[in-house]
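[1] got a sequence here, can you build the structure:
(one chain, ligands or ions: 1)
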Amino acid sequence: MAICVYSYTTLNYALLCIIMQGFMIPSLLPTYSPYPLAMVRGEGDLIIDDQGQSWIDLYGGHCVCSTGHSHPKVVEAIHKQSKQLIFYSTAGELKIRREAADNLIAFSGMDTLFFCNSGAEANENALKLSFEITGRKAFGSFQGGWHGRTLLALTVTDDIKITKAFEGIFPEHYRFPFGDISALESINFSNLACVIVEPIQSMSGIRTAPLTWFSALRKKCTDAGCLLVFDEIQTGVGRLGVPYASDYFKVKPDFITSAKGLASGIPIGALLMTEGMAKDVKSHMLGSTFGGGPIACAALIATLDIIRDERLMEHAKSMQSYLVDALKNTVIDEVKGIGLLLGLKTSNASDLKTYLLSQRILIGSSSDPNVLRLMPPLNVRKSSLEYLVEHIRAYGSMS
Ligand SMILES: Cc1ncc(COP(=O)(O)O)c(C=O)c1O
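    Residues are numbered from 1 along each chain as shown. Okay, here's the model as predicted:
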């Protein structure tokens, strides 16, 4: 930052620059627009701020906090593992890593997996492997899909503001209409390494497609020798009331990518695949220093145990039914989505969001100006959702 202060000595000027820089450039760069609170701690579906006030968290740290904030069993698992061994890469054989893989394989119904650290990394590896396995050099994806910020993930992401700068360096790629059977029939998949699909397009406003479209997509891919990747970064880990969206839509993809809720907030990603894919994967094709670290694996095992023991998938379904009923005849025109990945369609979403925030309810927006998103912890209390409904009704009576 250039400031001209002629009456200062050079030293004072330099000091002033440093101080002013401190004011002008934050040590942490901005990313998303933050909620209007300073978070201090979390408990279940609540966040407590620095004033000691509780906020109902229906956003779940961006669909991550699957078992609620600081679930005692997750805390205990992390604590126990951290006393034993905080980290070793896959160069070291770790019982806890095998156990995490076995549990996730049993939960998902896929055959084998690779652990990484994030959703984008899982997608990046699915796309890379599709290239290598098929030898084809083009990708397919769908309008409205959002897949991450690494280069191949970005290639298949439909979000011009984050992709624009890179258009010239993306590999060959085609984007198709989402959920449209007749459009699907007219597309040629024979040059594609894979198509990647977000079974419920979250960022785009909780858009999904009929079961018939998913089965037509599976058939189309199989017939053309094109691999099918389900990006289940948001839809997975029990959020739809079933382990993965592929269970809900009754389609077996070649790859499922999973992250976000897998370890209740400890970073981990997984690329799950069928045996058919795994037989072509050589050990040099995959790798990650931190992927599948022991703390993340301990948290993942605890997360899956909690989802099973506390029947959180059943709870997700019943909370969806509750909201669909309770929001009838309110300013909400439609409750979109499945389980606890929901969109509230309303004519003035941003105004409603501002009102809900003023009532200390955290809720997400989407790229659809008429859709707010709910992706709370899977153990969100019914009383918290009743509080939401009450405030949506109160908002409706004011507007
Ligand atoms: C559907 C989907 N895919 C991929 C990603 C990227 O995941 P990450 O931010 O962990 O890289 C996201 C993140 O929001 C997502 O919602």
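[2] number of nearby residues for the closest residue to the ligand within the stretch 201-350 of the chain?
    Residue nearest to the ligand within the stretch 201-350 of the chain: I233 (3.6 Å; Cβ to the nearest ligand atom). Quick note: C-beta positions are derived from backbone N, CA and C, even for glycine. The number of residues packed near I233 is 28, by other Cβ atoms under 10 Å.
[3] residues contacting the residue nearest to it when sequence neighbours are not counted?
    Once flanking residues are discounted, I233 sits nearest to G119: 3.7 Å by Cβ to Cβ, 6 or more residues apart in numbering. Neighbouring residues of G119 by Cβ atoms under 8 Å, 6 or more residues apart in numbering: H147, G148, D231, I233, T257, A259, K260, G269.
[4] distance of G119 relative to the ligand?
    Taking Cβ to the nearest ligand atom, to the nearest Å as the measure, G119 and the ligand are separated by 2 Å.
[5] go on, S190?
    Distance, S190 to the ligand, by Cβ to the nearest ligand atom: 26 Å.
[6] same question, P199
    From P199 to the ligand the distance is 9 Å (Cβ to the nearest ligand atom).
[7] got it, and Y174?
    Counting by Cβ to the nearest ligand atom, the gap from Y174 to the ligand is 19 Å.
[8] same check on F166?
    Distance from F166 to the ligand, by Cβ to the nearest ligand atom: 16 Å.
[9] next: L378.
    17 Å.
[10] tell me which residues touch that residue, please.
    Counting by Cβ under 8 Å, 6+ apart, L378 has contacts S66, T67, G68, G238, R239, G261, I307, L312, M313, H315, A316, L340.
[11] that's a strand at it, yeah?
    No: L378: not assigned to a strand; according to DSSP: H, G, I helix; E, B strand; the rest coil it is coil.
[12] give me phi/psi at it?
    Main-chain torsions, L378, degrees, to the nearest 10: phi -70, psi -20.
[13] what comes into contact with the helix or strand hosting E390?
    Per DSSP states H and E: E390 is located in helix 382-398. Residues from elsewhere that reach helix 382-398 (Cβ under 8 Å, 6+ apart): 45, 56, 58, 319, 322-323, 326-327, 330-332, 344, 352, 355-356, 359, 361, 363, 376.
[14] right, and the residue of the stretch 201-350 of the chain closest to the ligand touches K260 too?
    Yes: the pair I233 / K260 is scored as a contact, 5.4 Å apart, by Cβ atoms under 8 Å.
[15] need the overlap of contacts for the two.
    C63, G119.
[16] near the ligand, which residues of the stretch 151-300 of the chain show up?
    E198, S202, D231, I233, Q234, A259 (Cβ under 6 Å from any ligand atom).
[17] 8 Å - rerun?
    Residues of the stretch 151-300 of the chain lying near the ligand by Cβ under 8 Å from any ligand atom: 153, 198, 201-203, 231-235, 257, 259-260, 267, 269.
[18] before we move on, what about the stretch 1-150 of the chain?
    Counting by Cβ under 8 Å from any ligand atom, the stretch 1-150 of the chain sits next to the ligand at 62-63, 118-123, 145-150.
[19] what do you get if the cut-off is 5 Å, keeping everything else the same?
    S118, G119, A120, H147, G148 (Cβ under 5 Å from any ligand atom).
[20] on that earlier part again, secondary structure and pLDDT added to the contacts of G119, as TSV?
    Supplementary listing: the contacts of G119 in TSV, determined by DSSP: H, G, I helix; E, B strand; the rest coil; pLDDT from 0 to 100:
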residue	secondary structure	pLDDT
H147	coil	98
G148	coil	98
D231	strand	99
I233	coil	98
T257	strand	99
A259	coil	98
K260	helix	98
G269	strand	98
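[21] let me know the closest of the residues of the stretch 1-150 of the chain next to the ligand to R381.
    G119 (27.1 Å; Cβ to Cβ).
[22] how far away is the closest one from R149?
    From G119 across to R149, the span is 10 Å (Cβ to Cβ, to the nearest Å).
[23] likewise for L37?
    26 Å.
[24] likewise for A165?
    Shown here: A165 relative to R149, a distance of 12 Å by Cβ to Cβ.
[25] distance check, H173 against D158.
    11 Å.
[26] pull up the overlap in contacts between these two.
    Common neighbours of H173 and D158, using Cβ under 8 Å, 6+ apart, are S141.
[27] neighbour-wise, which of the two wins?
    For H173 versus D158, neighbours defined as other Cβ under 10 Å are more numerous around D158 (19 against 14).
[28] which pLDDT value belongs to the more buried one?
    With respect to pLDDT, D158 scores 98.
[29] same check on I25?
    Here the pLDDT value assigned to I25 is 88.
[30] the one 3 residues further on now?
    Predicted confidence (pLDDT) at L28: the value is 92.
[31] chain neighbours aside, what residue packs nearest to D50?
    A38 is the one closest to D50 (Cβ to Cβ, 6+ apart), at 4.2 Å.
[32] the one you found contacts D49, correct?
    Yes: with contact defined as Cβ under 8 Å, A38 counts as touching D49 (5.8 Å).
[33] which stretches of the stretch 51-200 of the chain form helices?
    For the stretch 51-200 of the chain, applying DSSP state H, counting those that start in this stretch gives helices covering 60-63, 72-84, 95-108, 119-134, 151-155, 160-163, 181-185.
[34] single out the most deeply packed of those.
    When the helices of the stretch 51-200 of the chain are scored by mean count of other Cβ atoms under 10 Å, the highest mean neighbour count falls to helix 119-134 (a mean of 24).
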